[in-house]
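Undergrad: Pasting the sequence and the predicted model now:
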Amino acid sequence: MTLGGSSSSSSSSSSLGTHSYGETAYWDDRYRKDGGPFDWYQKYAPLSPLFDLYLRRSHRLLLVGCGNSVLGESMVDDGYQDIINIDISTVVIEAMQQKYKDKPALKYLKMDVRDMAGFESNSFDGVIDKGTLDSIMCGHNAHENATKMLEEVARVLKDKGVYILITYGDPSYRLCVLKNLDTWTINMHVIGLNQGFCCCVDLPRCFCMMFLCTKFML
Ligand SMILES: C[S@@+](CC[C@H](N)C(=O)[O-])C[C@H]1O[C@@H](n2cnc3c(N)ncnc32)[C@H](O)[C@@H]1O
C-alpha cells in the first residue's frame, strides 16, 4: 500500500484501499490506535543538507500534515526557531500539543491545508510537506483538492519562499500538478527511502522525490 498514486490511477488502489488516505476519519482512527512516532519516507538527517540550501534557522516555517512525525522536533534540535505544524486530525494535534508543550519553537494547530484562512498571505518563508499532498491525491476529488491545497500553500508563502514537497508520487505526474500553478520555479532531487520505512510497507521502488518550489512575484 503506497501513497504514490491518485484516485484516477488504478495503481494507487490496493486491498487496503488508498482512498482512505484522503479521509480525516482514517487518520483520526490510525492515530488513536497508534500514537507513534512515525515518519513517512525519510527522517530529518538525510533531508537536512537540502533544507540547508533553501532554509535559514530563523525562518518562519509551516509543516503541513505533520502527523506524529519527529521532523519538527529534529529541526528544532538542529537550531530552527519557529515551526508551526498543522494537521487535519484532531487526535494527532492534541497528542502533539501535549508532547511538545515545553518546546515553544514548535506549535501545533488543527487545520485543513486546503483552507488555511487562519494564516495571513505571504507570511511563511517555507512550507514543508512530507506525504500530505500524496495523501490528498489518494482521496476522492484528488485533482480539485490538490489544486486547493497548492493554491493555499502558494498564498501563505512569502515572495522567494519555498515549498518543499517530499513525495512518493510518480515524479512526472507530481511535476504536472505543481506546474499547473504558474507561481514557482521547481528543482527536483531524488531521495533514498528510510530502510525502516521500506521494511514496513510493500513498495515498488526504494526512492522518493523532493521538489523544491521557489515562489516568484507574479
Ligand atoms: C502520510 S501522512 C504524513 C505524516 C508526516 N508528514 C510524516 O512525514 O510522517 C499524511 C498526513 O497528512 C494529514 N492530512 C491529510 N489530509 C490533510 C488535510 N487536508 N489538511 C491537513 N492535514 C492533512 C494526515 O492526517 C496525516 O497526518
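TA: Okay, I see it.

Undergrad: So the strand ranked longest in the chain, near the ligand or not?
TA: In the chain, with assignment by DSSP state E, the single longest strand is strand 157-167. No: figure legend: strand 157-167 not in contact with the ligand (CB under 6 Å from any ligand atom); closest approach 7.3 Å. In short, each C-beta sits where N, CA and C put it, glycine included.

Undergrad: now what about the next helix or strand after that strand, what contacts it?
TA: Using DSSP states H and E, the helix or strand that follows strand 157-167 in sequence is helix 171-179. Here helix 171-179 makes contact (CB atoms under 8 Å, 6 or more residues apart in numbering) with 6, 9, 133, 137, 143, 146-147, 150, 165, 167, 184, 186, 188, 209, 211, 213.

Undergrad: Which of these are buried? Put it as a PyMOL command.
TA: In PyMOL, a selection of the buried entries from the contacts of helix 171-179 looks like this (16 or more other CB atoms under 10 Å):
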select buried, resi 6+9+133+137+146+150+165+167+184+209+211+213
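
Undergrad: for residue 47, helix, strand, or coil?
TA: helix (DSSP: H, G, I helix; E, B strand; the rest coil).

Undergrad: interface residues of this protein facing the ligand?
TA: Within reach of the ligand by CB under 6 Å from any ligand atom, the chain has these residues: 3, 27, 38-40, 64-67, 69, 86-89, 92, 112-114, 130-132, 135-136.

Undergrad: Might you specify the subset of the residues you listed located within helices?
TA: 27, 92, 132, 135-136 (DSSP state H).

Undergrad: Need the max-distance pair from those residues.
TA: 92 and 136 (16.0 Å; CB to CB).

Undergrad: between these two, which one's more packed in?
TA: A direct count of neighbours by other CB atoms under 10 Å for residue 92 and residue 136 places residue 136 higher, at 29 against 25.

Undergrad: what pairs with the residue nearest in space to the middle of the chain across the strands?
TA: Nearest to the mean C-alpha position of the chain, by CA atoms, centre = their mean, lies residue 129 at 2.1 Å. Under DSSP bridges, the beta-bridge partners of residue 129 are residue 64, residue 165.

Undergrad: Need phi/psi at residue 95.
TA: Backbone torsions of residue 95, given as degrees, to the nearest 10, read phi -70, psi -40.

Undergrad: quick one on the thing from earlier: tabulate the ones in helices among the residues of the chain next to the ligand (CSV), appending pLDDT.
TA: Converted to CSV, these look like this (pLDDT from 0 to 100):
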residue, pLDDT
27, 97
92, 98
132, 98
135, 97
136, 96
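
Undergrad: Make TSV out of those residues and add distance to residue 175.
TA: Listed next are these as TSV, based on distance: CB to CB, whole Å:
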residue	distance to residue 175
27	26
92	29
132	17
135	19
136	17
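
Undergrad: ok, those vs residue 55, which is closest?
TA: Nearest member of those to residue 55, counting by CB to CB, is residue 132, at 17.9 Å.
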